[in-house]
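Q: when you get a sec, could you give me coordinates for this:
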Amino acid sequence: MVTRPEPPSVFHDRPVAYAKIRVVVLMYVAKVQGLSVKEAQARFGLHSLRSGGVSAVAAGGVNERLFQAHGGWRSREAMLPYLKTGMEERKGVTATLKY
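A: Numbers count the residues shown, from 1 in each chain. Predicted coordinates for the structure are as follows:
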């Protein structure tokens, strides 16, 4: 069983509210993507970032147990809906089957 991590304590040693984290993260996403904060808020949420993050580390070959623990998922079944398979990975399956 994976132990759930403590909530992030980046603001004055107090747990950070979901709404605060969402605003801070989406400000950075907006900057990186060249969007207004309002556009970023309309297009992204923390769950889409969570899904993208776990999908990226899985594609990078990180051990599943490690990113499950890092993401705070208590079970593999809870994590799987967030994990998206990339086109290159799907092409690899096709190549292995020699289609």
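Q: so which residues of this structure form strands?
A: Assigned by DSSP state E, the strands in the chain number zero.
Q: what lies in contact with whichever helix in the chain runs longest?
A: In the chain, assigned by DSSP state H, the helix with the most residues is helix 18-33. With Cβ atoms under 8 Å, 6 or more residues apart in numbering as the test, helix 18-33 has contacts from P8, F11, L35, S36, V37, E39, A40, Q41, F44, G45, L46, L49. In this view, the C-beta of every residue, glycine as well, is placed from N, C-alpha and C.
Q: repeat that for 7 Å
A: S36, V37, E39, A40, Q41, F44, L46, L49 (Cβ atoms under 7 Å, 6 or more residues apart in numbering).
Q: and for stretch 86-98?
A: For stretch 86-98, using Cβ under 7 Å, 6+ apart, the contacting residues are S55, A59.
Q: give me the mean pLDDT for the longest helix of the chain.
A: In this model, helix 18-33 has a mean pLDDT of 88.
Q: and it, what's buried?
A: R22, L26, V29, A30 (16 or more other Cβ atoms under 10 Å).
Q: repeat that for stretch 35-48.
A: Buried residues in stretch 35-48 (16+ other Cβ under 10 Å): L35, A40, Q41, F44.
Q: which among those residues gets closest to E77?
A: Looking at those and their distance to E77, the nearest is F44, at 25.2 Å (Cβ to Cβ).
Q: show me what contacts the closest one?
A: So F44 contacts L26, V29 (Cβ under 7 Å, 6+ apart).
Q: go with 10 Å
A: Applying Cβ atoms under 10 Å, 6 or more residues apart in numbering, we find F44 in contact with R22, V25, L26, V29, A30, Q33, L35, G52.
Q: how about the buried residues of helix 18-33 in CSV, adding distance to A69?
A: Listed next are the buried residues of helix 18-33 as CSV, based on distance: Cβ to Cβ, whole Å:
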residue, distance to A69
R22, 23
L26, 26
V29, 25
A30, 30
